[in-house]
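> Output the structure for:
(one chain, ligands or ions: 2)
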Amino acid sequence: MLKVSNIHTYYGDSHVLQGISLDVPKGTVVALLGRNGVGKTTLVRSIVGFTPPRRGQVLFNDVEITRMAPYQIGRMKIGLVPQGRRIFPSLTVNENLAIALRNSTENPWDLQKIFGLFPALKERGKNKGNELSGGEQQMLAIARALVSNPVLLLMDEPTEGLAPALVREVSRLILRLKDAGMTILLVEQNIALAAKVADEAHVMSKGTIVYSSSPRELWENQEVKTRFLGVPTNI
Ligand SMILES: Nc1ncnc2c1ncn2[C@@H]1O[C@H](COP(=O)(O)OP(=O)(O)OP(=O)(O)O)[C@@H](O)[C@H]1O
Ligand SMILES: [Mg+2]
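Ligands and ions are numbered 1, 2, ... in the order given. Here you go, the predicted model:
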């Protein structure tokens, strides 16, 4: 579904992504792991057009989207759950979702379906974004991406800063979405979570992919874990 081929992305003169290639087959969860600052978010930004690659190619369902404008890519059923959530703090849960619904076209995940998946959000519908807990904000960020009815979901560190119980909730949610047919690129630092939900794992360091395997093989590879990921966290 998503095919990234040898992309090079820069911020000014700074050559951040140095030839990244990555496939996300339909119906799978592919995890991208790596320490702070290695370029994970830059890869996500390169896919959605915020920081277009200078070289290389991004294909989505065989359509080249490499240098399309973000608003065009936004219409292509690619949902983004950005790092740091980025919900509107002064709008209520319902208003945050209404804004996302406004942009959606045919067959969206309707609010009933969303609230079935996130019962806590229904209860908090009239609360403002900044009145939610970190976990509720994360759920809202995921719900907001879903109402645009994506077939591919890009999740950038969805468990960052969450307590273990909420990490488990996110992991259950990812598995439910996968069961519902969603294809997911999951950027994470939590290798235990990736091992639990992903079909394939890639490890990034300094703008390149340095290791790819099944999550289980990665889990068992102490050398790669110590060298490129640091101490794994448990869930
Ligand atoms: N807007 C920007 N302008 C210039 N440099 C940037 C910009 N955003 C990121 N960088 C740099 O690009 C490199 C990769 O950053 P990126 O945000 O992609 O890392 P990351 O792997 O997502 O890290 P984290 O795990 O902390 O989110 C870093 O050296 C960072 O300082
Ligand atoms: Mg990041």
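
> Can you list the low-confidence ranges for the chain?
When residues are selected by pLDDT under 70, those of the chain lie in 103-108, 231-235.

> contacting residues around the closest residue to ligand 2 within it?
Nearest residue of the chain to ligand 2: Thr41, at 3.1 Å (Cβ to the ion). For every residue, glycine as well, the C-beta is placed using N, CA and C. Shown in contact with Thr41 (Cβ atoms under 8 Å, 6 or more residues apart in numbering): 83, 156, 187.

> how close does the residue nearest to the spatial centre of the chain sit to Ala195?
By Cα atoms, centre = their mean, the chain has its centre lying nearest to Met155, at 1.1 Å. Distance of Met155 to Ala195, given as Cβ to Cβ, to the nearest Å: 16 Å.

> now, which of the contacts of Thr41 lie close to ligand 1?
The subset of these within reach of ligand 1, by Cβ under 6 Å from any ligand atom, is Gln83.

> Narrow the contacts of Thr41 to just the buried residues.
Burial by neighbour count, judged by 16 or more other Cβ atoms under 10 Å, picks out 83, 156, 187 from the contacts of Thr41.

> just curious, which of these is nearest to Leu146?
Using Cβ to Cβ, Asp156 comes nearest to Leu146 of the buried ones among the contacts of Thr41, at 15.3 Å.

> show me the contacts for the residue nearest to the closest one when sequence neighbours are not counted.
The shortest distance from Asp156 to any non-neighbouring residue, by Cβ to Cβ, 6 or more residues apart in numbering, is to Gln83 (4.0 Å). By Cβ under 8 Å, 6+ apart, the residues touching Gln83 are 41, 44, 156-157, 160, 187.

> change it to 7 Å
Gln83 sits next to 41, 156-157, 160 when contact means Cβ atoms under 7 Å, 6 or more residues apart in numbering.

> Next up, phi/psi of Leu132, please.
Main-chain torsions, Leu132, degrees, to the nearest 10: phi -90, psi 150.

> burial count for it?
When neighbours are counted by other Cβ atoms under 10 Å, Leu132 registers 22.

> try Glu157
Neighbours of Glu157 under the rule other Cβ under 10 Å: 21.

> mind listing what it touches?
The neighbourhood of Glu157, defined by Cβ under 7 Å, 6+ apart, consists of 83, 187-189.

> Distance to Ser90 added to these, as a markdown table?
Listed next are the contacts of Glu157 as a markdown table, based on distance: Cβ to Cβ, whole Å:
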| residue | distance to Ser90 |
| --- | --- |
| Gln83 | 21 |
| Val187 | 27 |
| Glu188 | 29 |
| Gln189 | 29 |
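
> could the residues you listed go into CSV alongside secondary structure and distance to Lys3?
Putting these into CSV (DSSP: H, G, I helix; E, B strand; the rest coil; distance: Cβ to Cβ, whole Å) gives the following:
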residue, secondary structure, distance to Lys3
Gln83, coil, 23
Val187, strand, 17
Glu188, strand, 21
Gln189, coil, 25
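
> Would you check how far apart the residue nearest to Val151 when sequence neighbours are not counted and Ile65 are?
What sits nearest to Val151 in space, not counting adjacent residues and going by Cβ to Cβ, 6+ apart, is Lys77, at 4.7 Å. Distance of Lys77 to Ile65, given as Cβ to Cβ: 11 Å.

> More neighbours: which of those two?
Neighbour count, other Cβ under 10 Å: between Lys77 and Ile65, Ile65 has more, with 20 against 17.

> Can you get me a residue count around Asp179?
Using other Cβ under 10 Å, Asp179 has 9 other residues around it.

> Nice, that's everything, thank you.
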